[in-house]
Structure formats: structure tokens, C-alpha cells
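Q: Generate a structure from the sequence data that follows.
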Amino acid sequence: MPVINRIADMSNEMTEWRQHLHTIPELSFDCPKTAAFIKARLEEFGVDEIHEGIAQTGIVAIINGKGEGRTVGLRADFDGLPIEEETGVDYASTHAGKMHACGHDGHTAMLLGAAKYMVETRNFAGRVALIFQPAEEDGGGAQVMCQEGIMDTFDISEVYGIHNFPGANVPAGGFFTTPGPIMAAVDSFTITINGRGGHGAMPHETADPVVAACGMVQAIQTIISRNTKSSEEKVISVTQIHTGSASNVIPDTAMINGTIRTFDKETQDLIHRRMGEIVAGQAASYGVEAELDIEIGYPATVNSAEQTEYAAKVARSVVGDGSVVADFPKVAGSEDFAYMLEERPGAYLFLSAGEGAGLHHPKFNFNDEIAPIGASFFVQLVEQMQPAAS
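A: Numbers count the residues shown, from 1 in each chain. All right, here's what the predicted structure looks like:
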């Protein structure tokens, strides 16, 4: 079954919703205008329950089907980014320094379109839990919603999410996913080095934190090449080194900052341990003191094998076999949907948006033509899983 005709007929309406949301981007958990717009649409559709104030501005709405069955969770994130928009579109952000540069406005429009259709038809058994989530970009809204009990409160058995992906090597409207890890765990690290500064002409009287920083950066790179298997995907990137203020002064301190991306806990733990050993050893060898602080971020996004196979099957029914890649390579970006997949089996899929500015770019703009595809996928996911009782 391709894009559902009724949803195709909603295309202009979904575009209007999306472009309105694009004008009012809000950040992190503080998304009252966005939440109010979503609630108003859900009330118009006639969903059976609306639960507000989850993770501050998050919403869970319930649609009852025909007959008994499980509750399937469908998630859309709706927060923006602290970026000054450069698209030049007539529905550009009206909130200075904020924009929808990741397509969360489109994700929300897709789930609203699916919701409207499912309320009209109720062609499924069990229930659908529509999860509208803030703070994906910053704050881990998915984690907070889980901590506040949405999976148990609404008896959600499985959970699914979609993210648009511009510039992918899949034609616009194609799906790609993979069982197991699909996106990385993300940790950030900061190394603070305290030495003893002095005159640049008299380095023997100092404990030079600059040389120590260089040694640490070089040694950290050996973790990937010498301590982990070459077949494993992982990344350590040093992205900042800050120290010094003059050409003839050896400073007292230096700071190193960077990111770690891993796809399994064993590799993550190994990297953390080796970084601690390297920082301590290098500090001792250079006669400085150093402190390593690792901030653990979102975990790896790990798709359940059974649910991913099912989601790929549904995607093929919407867009055809040739437009679905079910063994797509892992992506080193991160996604807080990971927390929902830690609580329940499910799958996360990318939906190709075709060519255009990349995610988090000031010229990014969601491709409205793919919204009916995403909405149809959500609907078919539910209807094929639990057909309506006859």
C-alpha cells in the first residue's frame, strides 16, 4: 500500500502546520507555544485523551482503536536549535536566534497527520500513544519522559520514531534503518591541566602545561588505533585546546576538550578507562597536575531486531522495496530516542529528505513533500500490527 490517499489529501494542511511551527521555534524543555499548537490540533481531531506537562511541555495523546490490543508508541520531537536562520523563506523563524534546523517541525507535522487519520478511521485494535517530546537537542527530554513513567502509565509495549535525513544516498522518500546500534552514544570530555608558568625564555623553571597538553592529545589518539578492535566503529575527537596569552609567556594552565562516540558499553568503558590512565600518566611524566572530567551523554540508539524487521516491512509497503535500506551503516550522531528504546523494544528509522542543506545548518528547511510518507508509515505501522477487530 503506497501513501494513503486520505493522508495525501492532507498534504497542504500538514504543510501549513509544519510551516507555522517553523515560525515559532522553542528550545529544550521550554516550548509552551509549540505544545499549545499541538494540543489545539489534537483537540480538533478528537483524540480520546491528552496528557500535558510531561517533561514540562511534552504531551502524550491516546487514540483508542476497535477492540482489545497492545498500545503502540509513536514519537515526534518538537524542539528547535539556538541558530540564527538563513533560509529566507516567508515562514522563517520569528524568534531571534532560534530555528528549526533539524526538522522537528516536520516530525511533529507527520505525527499530527497520522493522528488525524487514525482518529477518523480507527482501523486498528488496541491503542496508539502519540508521544510529542521536547528537549531532544538539549536536555534529554526522552529520558525525562521515561523517568516520569510514560511507558508504564500508558502501558506502551513498543515504540517507534522517524528522523528526516537530507542529502542521504537514498532518493527522497526512502527509508533506511538497521537492527542493533544505529546511532552512537555521545560523551564529552574536558581535561584541565595545572602547571607552573613562567618566562618563555626560561622553560626550565616551569612545569609547562602546553607541552603536556600536546602529549596528552597525541597519546589519546592511540586509544582508537591500539586499544580497540579495528572492526569496531568509534570516534575520539579532540576539538578544543585553550591555553596561553602571549608569545613569550608559558601559561599556568591548559584545557583540552572533545567528544567520544561509541556503539557499545564495553568499548565506551574501555575508552573512559584508557583516557584516565593516559591523562594521569602524561601528567606525571610532564610534572603537571591534570583532571579528567567525562560527561556521559545520550546512550547508543539500539534498535530491536524483530521490531526493525517489521518496521522495514511496513516501510516497503509504503514506498516499495527499492526505497528501503534495512542494513544501513551506523551513524555517529546521537539521539535521545535511545532512552525510549532502553525501556521498550522498537525501532528508529531515517526518512530521506533528498538534497538540501544539512541538519543543524542555518539554511536547513524540512522537505514538506515527505511528510505524507512519514504519516502513512506511522499509520501502516499500527494498522498492520493490529488489524481492527471485525
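
Q: From now on I want contacts and neighbour counts done on CA atoms only, so please keep to that.
A: Fine.

Q: Output stretch 227-246 as CSV, restricted to C-alpha atoms.
A: C-alpha atoms of stretch 227-246 as CSV (Å, rounded to 0.1, in the frame of the first residue of the first chain):
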residue,chain,number,x,y,z
ASN,A,227,43.4,-0.4,22.3
THR,A,228,40.2,-1.1,20.4
LYS,A,229,39.4,-3.6,17.6
SER,A,230,39.8,-2.2,14.1
SER,A,231,36.4,-3.7,13.2
GLU,A,232,34.6,-1.6,15.8
GLU,A,233,33.1,1.8,15.0
LYS,A,234,34.2,4.5,17.5
VAL,A,235,35.4,8.1,17.5
ILE,A,236,37.5,10.2,19.8
SER,A,237,37.9,13.8,18.6
VAL,A,238,39.8,16.5,20.4
THR,A,239,38.0,19.7,19.4
GLN,A,240,39.5,22.4,21.6
ILE,A,241,42.8,23.3,23.2
HIS,A,242,42.9,26.6,25.1
THR,A,243,46.0,27.9,26.7
GLY,A,244,48.3,30.9,26.8
SER,A,245,48.0,34.6,26.1
ALA,A,246,51.4,35.8,24.8
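
Q: Identify each buried residue in it, please.
A: Within stretch 227-246, the residues scored as buried using 16 or more other Cα atoms under 10 Å are Glu233, Lys234, Val235, Ile236, Val238, Ile241, Thr243.

Q: Mind checking which of the residues you listed land in strands?
A: Lys234, Val235, Ile236, Val238, Ile241, Thr243 (DSSP state E).

Q: Low-confidence bits of the protein, can you list those?
A: By pLDDT under 70, the weakly predicted segments of the chain are 1, 168, 170, 390.

Q: Could you list the domains of it?
A: Using automatic domain parsing, the domain ranges for the chain come out as 5-183+300-385, 185-296.

Q: Give me whichever of those is most buried.
A: domain 5-183+300-385 (a mean of 21; mean count of other Cα atoms under 10 Å).

Q: Endpoints of that one, how far apart?
A: 20 Å (Cα to Cα, to the nearest Å).

Q: Please produce CSV containing the buried residues of stretch 227-246, extended by distance to Gln56.
A: Shown next, in CSV, are those (distance: Cα to Cα, whole Å):
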residue, distance to Gln56
Glu233, 36
Lys234, 34
Val235, 34
Ile236, 34
Val238, 34
Ile241, 36
Thr243, 40
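
Q: In contact with the residue positioned nearest the centre of the chain, which residues are there?
A: Residue closest to the mean C-alpha point of the chain, counted by Cα atoms, centre = their mean, is Glu335 at 2.6 Å. For Glu335, the contact set (Cα atoms under 8 Å, 6 or more residues apart in numbering) comprises Glu136, Met183, Ala184, Tyr298, Ala300, Thr301.

Q: can I assume the third one is in contact with Pro329?
A: Okay, so that is Ala184. No: under the criterion of Cα atoms under 8 Å, Ala184 is not in contact with Pro329, lying 11.5 Å apart.

Q: Name the residues contacting each of those two.
A: Common neighbours of Ala184 and Pro329 (Cα under 8 Å, 6+ apart) do not exist.

Q: that older thread, ok, the contacts of Glu335 vs Asn169, which is closest?
A: Met183 (17.2 Å; Cα to Cα).

Q: Quick check: phi and psi on the closest one?
A: phi -130, psi 160 (degrees, to the nearest 10).

Q: roughly how far apart are it and Ile260?
A: From Met183 to Ile260 the distance is 13 Å (Cα to Cα).

Q: next one: Phe189
A: Counting by Cα to Cα - Phe189 and Ile260 are separated by 8 Å.

Q: can you give me the helices in this protein?
A: 5-9, 11-23, 32-45, 104-121, 141-147, 150-153, 209-222, 265-286, 305-319, 337-343, 371-385 (DSSP state H).

Q: Now tabulate those helices in CSV and tack on distance to His199.
A: Converted to CSV, the helices of the chain look like this (distance: least, Cα to Cα, whole Å):
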stretch, distance to His199
helix 5-9, 71
helix 11-23, 54
helix 32-45, 55
helix 104-121, 53
helix 141-147, 49
helix 150-153, 60
helix 209-222, 13
helix 265-286, 17
helix 305-319, 61
helix 337-343, 50
helix 371-385, 62
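
Q: got a list of what the residue lying closest to His95 once chain neighbours are set aside touches?
A: Excluding the flanking residues, the one nearest His95 by Cα to Cα, 6 or more residues apart in numbering is Ile24, at 6.2 Å. The neighbours of Ile24, taking Cα under 8 Å, 6+ apart as the test, are Lys33, Thr34, Ser93, Thr94, His95, Met99.

Q: wait, what's in contact with the fifth one?
A: The reference is to His95. Thr23, Ile24, Pro25, Glu26.

Q: what's the closest of the residues you listed to Gly58?
A: Of the contacts of His95, the one sitting nearest to Gly58 (Cα to Cα) turns out to be Glu26, at 12.6 Å.

Q: Okay, that closest one and Glu52: tell me how far apart.
A: 17 Å.

Q: repeat for Met275
A: Counting by Cα to Cα, the gap from Met275 to Glu52 is 43 Å.

Q: Equivalent analysis for Phe337, please.
A: Here the criterion is Cα to Cα. By it, Phe337 lies 19 Å from Glu52.

Q: And Thr243, by the same measure?
A: 47 Å.

Q: for Asp269, same thing?
A: 37 Å.

Q: How about Gln386?
A: 27 Å.

Q: Same check on Asp155?
A: Taken as Cα to Cα, the span from Asp155 to Glu52 is 17 Å.

Q: again, but for Val144
A: From Val144 to Glu52 the distance is 14 Å (Cα to Cα).

Q: Pro179 too?
A: 32 Å.

Q: Gly174 too?
A: For Gly174 relative to Glu52 (Cα to Cα), the value is 33 Å.

Q: again with Ser188
A: 32 Å.

Q: cool, and Met183?
A: Met183 is 29 Å from Glu52, by Cα to Cα.

Q: Same check on Val186?
A: 29 Å.
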